[in-house]
Each structure stands twice: as C-alpha cells, then as structure tokens.
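In: could you work out the structure for the sequence below:
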Amino acid sequence: MSRARQPPLVTGISPNEGAAWTKVTIRGENLGTGPADLIGLLICGHNCLLTAEWMSASKIVCRVGPAKDDKGEIIVTTKSGGNGTSTVSFKLLKPEKIGILDQSAVWVDEMNYYDMRTDRNKGISPLSLRPSNPLGIEIDKGKIPQKDMELTFPGMSGDFTSENFSATWYLIENHSGTSFEQLRTAASNLKKQATKKNEGSLAYVKGGLSTFFEAQDALAAIHQRLESDGTERVEGSMTQRLENILNRASDTADTLFQEVLGRKDKADSTRNALNVLQRFKFLFNLPLYIERNIQKGDYDVVINDYEKAKSLFGNTEVPVFKKVYAEVETRIGALRSLLLEKLLQTPSTLHDQKRYIRYLSDLHAPGDPAWQCIYAQHKWILQLMQNCRDEFISDQRVGVGATALDLEGDIRPLGLSRLSHTASLKRGGSLRTPRPSTWRFETPQQVQFVEKLSDVVISQLPNFWKLWISYVNGSLFSETGEKSGQVEKSKKNARQRQNDFKKMIEELTHRLVKLVRGALLPATLPQGELSLYGGWENKTELTAPWLTQVIHIVRGFHEALAALEIPNDLLQVIQDLLLDLRVHCLMVTLLHTTEDVKRLAEKEDWVVDNEGITTLPSQFEQCMVQMLQSLKEPLETKPGEINVLQLEQAQDQASELCVAIMRVFINCLEHLSTKTDGDIDTSHMSVDLASPDRFSSAQEDFSPTPEQRLLIILSNCQYLERHTFLNLADHFEKHGFMGTEKITRVSVEAVRQLDRKLFDAYIERRADPIAGSLEPGIYAGYFDWRDCQSPTGVRNYLKEALVSIITVHAEVFTVSKELVPRVLSKIVESVADEMSRLMQCVSSFSKNGALQARLELCALRDAIAPYLNSESNASFKLALDALPQLQSGADKKLLEELLNTFKSSMQLQLTCFQPSSVQPVKR
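Out: Numbering: from 1, shown residues only. Prediction:
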C-alpha cells in the first residue's frame, strides 16, 4: 500500500501584498504531484484555481482575484494531501473607487489590461501567463548567428508567441547543447502543461455552473411569460413596454454619459499617441541625437544608432516613420560628407585616417574612401617635397645677405629667413660635432634642404605605405564591414590597383631623387628638368664633409624606407643617387685635397730635424691620411650598395687625381727650391741644433741660402721616396683604393726627376766655382811646369780648393749627413775631372814640375779619398799618367815627406773627410 502524502504547507508568498490580479509566486511543501493533483487554491478566501499554474511540488504561480477579505491565508488543496495550511498571509490592497463622472490621472497599462466589461464571460487566457521557458529545462543558448537562422528558416520565427513559430528554430537557438534525456523531460513537461490547460478549462466551466443555471432559469421564466401573453408585438404588451423602457434608459444614459464618453475617447486617443511615442521614441529622437553626437565627435554612437534604425524602419510603410527615417538619412548623408572631408584633409595621422575610413565603411559611403585617401596623401607628399624646394629657392633669391663659414673655413652664402625647425637624422662618425645655436646659419642651404626633404619623407612615406598595407589586407574595416563583405571587396580593389600604387611610389621616389640631384648634382638631370628641380644658381660647391653629411642623410631615409619592406626595385633609384653622391664626394674630396696640398708650401718653415727633414713631408702625409679618413663613410659599402672603387671609370678618375695630388706636392717642392729671399718670409726660420753632430757656427736667426733650400728640398725628396710614398700606398690599399702601384710608381718617378734636377742645380752652383778656381790658382804668379823650383809643399790654390770642398761638406752636413757622400762624390768627381784635364793640357813637365804636379794630385786624392768613385779615380789616374814617372828614390822620398807634412798641417781641416757610417748613395 502506498504511503499517504502530507497535507500542503504554504511557507512563503511573493509579493505578500498587492491589488487584484497581482501575479504572485507561492512556495511551500507538498503542493501537489502535478497540475491534475491541484484541486483548490484560496487566497484571502477567493478561488484562484483558474489562474493557477503548478510549477513543482514546492512552487505555484497564480494571480490574486478580487477577494472580499483584505487579508487572509493561502490554502492549497490537493487530491493526494487534502486541505493544506499556511504560515504566511497575503494583504489585498483595495483600489480607490472613482465615480463614473470623476476625472482620473491614473495611467492604465494597456498591454496587460483586461476589459472585464467586454470579456466578462471569457476566462483569462493561459497564453497570457505563459512562462518564458515553456519546456521547463535549462536553456543553453547557441552561438549560431541570427542572420544564419533567418537564412535557414525564411519567414519563420523562434518566438513561440509568433504566428510563424518554428519549433526547430527554437530548439537550435535555445537547446543546441541539451542532452536527449533532458529533451525527453521537456516533452513530459509539455504534456503536463497541456493536461493542466484542459483541466483548467473544465474547472472554469464547473465553477460557473450556478451562474449558468440562474441565467437558464431567468430565460425560461421570460419565455413562459411571453408564451402566456401570446402577443410579443402587440401595443401595450409586456414586450413592447420592456422595449420602450430600455430605449428610454438608453437615451437617458446617452444624455448622461455623452460628455464623459467623449472625454474618455479623447483620453484613449491621447494614451494611444503617448504609447506610440513611448514605444518609438528612439526613432523620433534619433535626428537630434545624431546631430548632438556628431558635434561631440561620438561617431561610433551615431553609426550604431543608424544601423539599429535601419534594421527596424528601413523598409517601413508607415508615413510618419518614413518621414522621420528620411530625416535620419539626410543627417547621415551630411555625416558622410563631413567624414570624407576630414579623411582627405592634410596633414592627418594614420590613426585618424583608419578611423575615418572605418566610419565611412560602416555608413556604406559610395565609392572607395580608402583609395581616395591614398590618392590624396600621394598628391600631398609630392606637394610637400616641391614646396620644400620652392621655399629654399625663394629664400635664396631674396638674398638676406647672410654669410657664414663652412667646415673648411670657406665663405658660404646663406638665405635662411624663415626655416622652421625640423628634427634631423641621427649622424655618427668623427665628422659630427654638437650643433651650436647658430647651426642653421652655418650650414649650406643644399644640406639644409636635403635634411628637411628627408624629414618630410621619413615622417610621411611610412604612414602612406602602412595605409596601403592596411588597405590590402582589409584591416581598415570593423566587424560590421567584415560581415557585409566589404573586406573582400577592398582586397579585390587593392589587387586591381597594385600597379597604380606602384606608380605612386615610383613617382614619390623619383621626385625625391630629382630634387636632391637638382640641388647637388644638377649635371645629372636632363636639361628640360632643370627648371623644375634645379634653380640653385647662387649655390656654392659643397666641401667633402658636407657631402658626407648629405650621404649620411640619404642613407638614413633609404634605410627607413627599406625597413618598411618596400620592394627593392622601387628603391633602386635612391641607390643610384647614393652611388652618384659617393662618387661625387670622392672626386670633390680629391680636388679639394689638391688645393690644400698647394697651400702646404706656405707652411714651410725650413726647420730641419736630425735627419734633415722639415715638417712639410709629414704635413703632406697627414693631409692625405685625413683625406682618406674623411672618405671612410662615403666609400663604405652598405648592404645593397656597390663598391665605388670597383667602378672602372671612378677608379681611373680617382687614380689620376691621386697622381695629380702627388705631382702638385712635388711641384710645390720645386717652387720652394727656386724661391728667392724676396719671395718668402724667412724671419721665422731656424736650424735645429739639438744634435751634437751639427756645427755650432749657425746663427740664431738662420736664413737659408738658395743652396741650403736646395739641400733641404733634396732631403725631403729622399724622405718622400723612402717613407712617405710607401706609407701612403699602405693607406690607399687599406681604404680600398685600386692602382696604388701606379700611383706610387708615378710619384717616385716624379720625385726622382725633381731630385736629379735639384741635385744637378746644387752641384752646378758648388762644383763649378771650385773647379773653375783650379786653373787660375795653378798658374798664379806665371807658374810654369817646365821651369819651376824644387817643390817645398802643396801650393795654396789646392788648399783653397780643399777648404771650398770642406765648406760644401759643412753646408750639406748641416742639413743632412745622408746627402754628404752623394754631394761630395759629385764635387770630387768634378774637381778630379778638371785636374785631369789641366794635367793633360800641359805639353811638357820639368823634373821639378812633374814632382810638384804629382805632389798636388796625390795630396788632393788622399785628402778626399772617402768620396772617390770610379769616375774620379779614373780622372786621377789619367792625370797621373800624364806626368813623367819619378826615377830616383830621392824624389820619391821627398814626395812622401811633403805629403806627410801637408796631411799634418791640415789634419784638423781634413777630419771631416774621415769615413763615417754613412755610405755613398748611388743614383
């Protein structure tokens, strides 16, 4: 036997007070096993079973009826448990009664209003109380878009209150992840709700049986009375009298309630109008909201409101809605124009451009705003670059008259009256120095122009390229644009316009390169383009440091553009410009170095060191090394660049200019050697006497004679050949110069040629006087070789010749002891040759004459023996062979004694001729 259930117990009600027809939720225990088990529900004594909806054994939902009691318990009766009890109560609020002629400002919610006068014989439809979850199981919302559902079920709806309700749609939308067991539970719940509905209708009929019977009895009584009368339409009959009474009552009611009913109709129409305004106030207020949000710049809000209005009222047939929606479209059209104007406005940031393009896309603007923006930016960047050039040209022609020194000290004209400050590229290297406050008035205009042009390119072209990339990959559009297919449309347009954009980039890079060429390399432009890109008539030739700075700037914006992954073929024109600038910088540097080398002659101070070298070779080498160091950056080969020194034409020109520099310096040396005292300031010249090997006879204020200048230049020539040219060859090779062997060979040949020329000039100046003094000295006092006394010693002419040779030795040794053997050998050779000629010209010698001639020849030969060479030895041999041979031993002894006496008497003077560590230099 089944166990009896406990009686129902109500433990809560929400809300616990309210007016009639208030919807309440009753909670408790043992409230029934199902809708069929629930047979009674009293609230404040009123039967509410008709509106009751059993949810579970602990929950019932119903509406409170118009009970007589103000407060009462909630009694639930079930078949299984019987009458229940309640621990809570409900308070029924009585509405204030308003007379039929009283005005009322109470708002009636017509959506949930039931007219009990017209529907008094109808029960409240259970549909009005239908729960939001008809299946009674947990809702699992799916992620299938609404648009896809509409396409799958055209003309249907997932709303179960709709006439076009689709059960499949509802299940997919709300229970796509629900298990089969739960769906079986839902089906059971639906069956229970259907059963309850049927039982509810039957209970409604049962509850109204008494009223039905009363009405039936009244109708039967009336029918019997009419049958007993027998005359329904006879004048004076009951029917006629009843009709008359009803007509009079109707007229009286019309008279009494005409004004009241009129006011009621007017109130009803007003309420209907307000209800419409309340329900559709979004649309009616939208034009004003659009205007306000546009002024505030809240374009996203405007677009969202417009999309909502378009989806709701885009296809409306209601005249009022059409009129308001037309006004909305007018405001949106004005917004499209405003956004397009802002999009095409310059200058503008990339962020703003993307934002305006997205707005226009969401507003379905006609055309292709993104491409319009790209085209406008392209034209604007071109105009910026051209304006930059025009600005400098106009300043140049105005001619403010400002001049300043460049890096090399040259005077450069400047016209900088209204240049704005622009951020320059970061430069490295030894040439960069901190910029003073007057930097703009010291920099040549061409450099300022290239730097400002670089700023324009670096600030604008990357954003221009990024805008194109965003246009290609469709990242300019919002999610709305993606759903509407605008992304695919944009990608398709981008593919069609790739060639057009490539032409834009080419035009920008070509314009940039032509403007730079017009300022720095006008000779590389066609004649017809000089008027457009040239015009730098008053410009001065830039020095190498400024050209290096320009190369650094051009490399900077090339690297910036290459970092954007712009194809190399579009940037090749910039690489060509860089190559031409580097070649030009190389040639200008070599030409300017030529001028600098020419001015080195002015710096010669004739101060020699211990090796007989002045500072001039060192200054020349330093000048060349500085030149090569300044070319380090221009000649450096960056990735993608060509080695300038591997170009055959550039290599040949550079080699020729290097050779020219060497020859210019050699010509400077030659010019210095031929200067007279009147051509050069010698007040500052002196000789370095630090070495103990120097003669102390040099005066403090030493002024070199022409012969001394020749010796100093000869010493410098030797140093150039042995050291300077070799060091420069190493530097040239280290910096990548080709043809260093040719440069060295030509330079050595030129310096040797100068060396021979200067050496011959010096020998001519010093040897000829000595050799020319021999013949007059020999025959002084009518000396005759055929009639002379017995020799007593070496005659004075020979001593004087030796003193002259010693003087030459001292002069050479003072400058450079390395030159002594070479010079003395040549001097001795000239003297020996002259003595040989003089001896051979004598027709005959007496015994004493032959002895005297042999004494003098041997004395001269022995004195200058360290400097004898093959030629001088041959000359002395010829001279001695021309003399008669000594026959007697006495003559030989006398000759030896006289030679010893001569050497002893001139020992001090002849010390300088003693052999040293310096060996003769053979030429």
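
In: helices or strands next to the helix or strand N727 falls within in the packing?
Out: For N727, the host element (DSSP states H and E) is helix 725-734. Judged by 3 or more CB pairs under 8 Å, 6 or more residues apart in numbering; DSSP states H and E, helix 725-734 is in contact with helix 616-630, helix 740-778. In this view, the C-beta of every residue, glycine as well, is placed from N, C-alpha and C.

In: thought T524 was touching L581, still the case?
Out: No. Between L581 and T524 there is no contact under CB atoms under 8 Å: 10.1 Å.

In: so these two - more neighbours on which side?
Out: Using other CB atoms under 10 Å, the more surrounded residue of L581 and T524 is L581, with 24 against 14.

In: tell me the domain ranges of the chain?
Out: Domain ranges of the chain: 9-92, 276-342, 345-540, 579-762, 782-912, per the TED database.

In: neighbouring contacts of stretch 562-571?
Out: L461, P462, W465, K466, K502, I505, E506, T509, H558, L561, G640 (CB atoms under 8 Å, 6 or more residues apart in numbering).

In: got the contact list for the last one?
Out: Residues in contact with G640 (CB under 8 Å, 6+ apart) are A562, N568, Q575.

In: now do the second one, the pLDDT please.
Out: Going back to what we said before, that points to N568. N568 is assigned 83 on the pLDDT scale.

In: mind checking what helix or strand follows the lowest-mean-pLDDT helix or strand in the chain in sequence?
Out: None of the helices or strands of the chain scores lower by mean pLDDT, DSSP states H and E than strand 411-414, at a mean of 33. Sequence order places helix 445-473 as the next helix or strand after strand 411-414, per DSSP H and E.

In: A strand includes L41, no?
Out: Yes. Counting by DSSP: H, G, I helix; E, B strand; the rest coil, L41 falls inside a strand.

In: quick check: it touching T78?
Out: No. L41 is not in contact with T78 according to CB under 8 Å; the separation is 9.8 Å.

In: can you give me the strands for the stretch 301-450 of the chain?
Out: Using DSSP state E, counting those that start in this stretch, the strands of the stretch 301-450 of the chain run over residues 402-405, 411-414.

In: need the outlier residue of the protein, farthest from its centre.
Out: The C-alpha centroid of the chain is most remote from S228, which lies 112.7 Å away (CA atoms, centre = their mean).

In: how much space between it and C585?
Out: For S228, the distance to C585 equals 137 Å [CB to CB, to the nearest Å].

In: columns pLDDT on top of the contacts of stretch 562-571, output as JSON lines?
Out: Shown next, in JSON lines, are the contacts of stretch 562-571 (pLDDT from 0 to 100):
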{"residue": "L461", "pLDDT": "82"}
{"residue": "P462", "pLDDT": "85"}
{"residue": "W465", "pLDDT": "85"}
{"residue": "K466", "pLDDT": "85"}
{"residue": "K502", "pLDDT": "86"}
{"residue": "I505", "pLDDT": "86"}
{"residue": "E506", "pLDDT": "86"}
{"residue": "T509", "pLDDT": "87"}
{"residue": "H558", "pLDDT": "84"}
{"residue": "L561", "pLDDT": "84"}
{"residue": "G640", "pLDDT": "80"}
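
In: please spell out the PyMOL selection for the buried subset of those.
Out: Buried residues within these, by 16 or more other CB atoms under 10 Å, are selected in PyMOL with:
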select buried, resi 461+462+465+505+509+558+561
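
In: out of the contacts of stretch 562-571, which comes closest to L92?
Out: Top of the list for closeness to L92, among the contacts of stretch 562-571 and by CB to CB, is K466 at 72.0 Å.

In: quick one: contacts for the closest residue to the closest one other than its chain neighbours?
Out: Of all residues not flanking K466 in the chain, L350 sits nearest, at 6.0 Å (CB to CB, 6 or more residues apart in numbering). Residues in contact with L350 (CB under 8 Å, 6+ apart) are N463, K466, L467.

In: repeat that with 10 Å
Out: L350 sits next to Q377, P462, N463, F464, K466, L467, S470 when contact means CB atoms under 10 Å, 6 or more residues apart in numbering.

In: what separates it from L343, distance-wise?
Out: 12 Å.

In: flag the shaky bits of the stretch 51-200 of the chain, pLDDT-wise.
Out: Where the stretch 51-200 of the chain drops to pLDDT under 70, the residues are 96-132, 142, 160-161, 163, 197-200.

In: for it, which segments count as strands?
Out: So, for the stretch 51-200 of the chain - with DSSP E, counting those that start in this stretch - the strands run 53-56, 59-63, 71-78, 82-83, 85-86, 89-92.

In: can you tell which of those is closest to L190?
Out: Among the strands of the stretch 51-200 of the chain, the nearest to L190 by CB to CB is strand 53-56 (13.7 Å).

In: direction included, what does that closest one pair up with?
Out: strand 59-63 (antiparallel) (DSSP bridges).

In: what number of residues lie near V828?
Out: So V828, with other CB under 10 Å, has 28 neighbours.

In: ok, now T252?
Out: T252 has 10 neighbouring residues, counting by other CB under 10 Å.

In: how much space between it and Q258?
Out: Relative to Q258, and taking CB to CB, T252 is found at 11 Å.

In: do the same with E733
Out: As defined by CB to CB, E733 lies at a distance of 123 Å from Q258.

In: next one: E150
Out: 51 Å.

In: so which of these two has more stuff around it?
Out: For the pair E150 and Q258, the greater number of neighbours falls to E150 (14 against 10), based on other CB under 10 Å.

In: residue contacts, that one?
Out: Counted by CB under 10 Å, 6+ apart, E150 has contacts M156, S157, G158, W169.

In: farthest-separated two in those?
Out: M156 and G158 (7.8 Å).

In: ok, those two, which is more surrounded?
Out: Shown here are M156 and G158; by other CB under 10 Å, G158 has more neighbours (20 against 17).

In: could you check how far the closest residue to that one other than its chain neighbours is from H175?
Out: Leaving out its chain neighbours, the residue that sits closest to G158 by CB to CB, 6+ apart is W169, at 4.1 Å. Distance of W169 to H175, given as CB to CB: 11 Å.

In: now tabulate the domains of the chain in a markdown table and tack on distance to N247.
Out: Shown next, in a markdown table, are those (distance: least, CB to CB, whole Å):
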| stretch | distance to N247 |
| --- | --- |
| domain 9-92 | 33 |
| domain 276-342 | 39 |
| domain 345-540 | 66 |
| domain 579-762 | 110 |
| domain 782-912 | 158 |
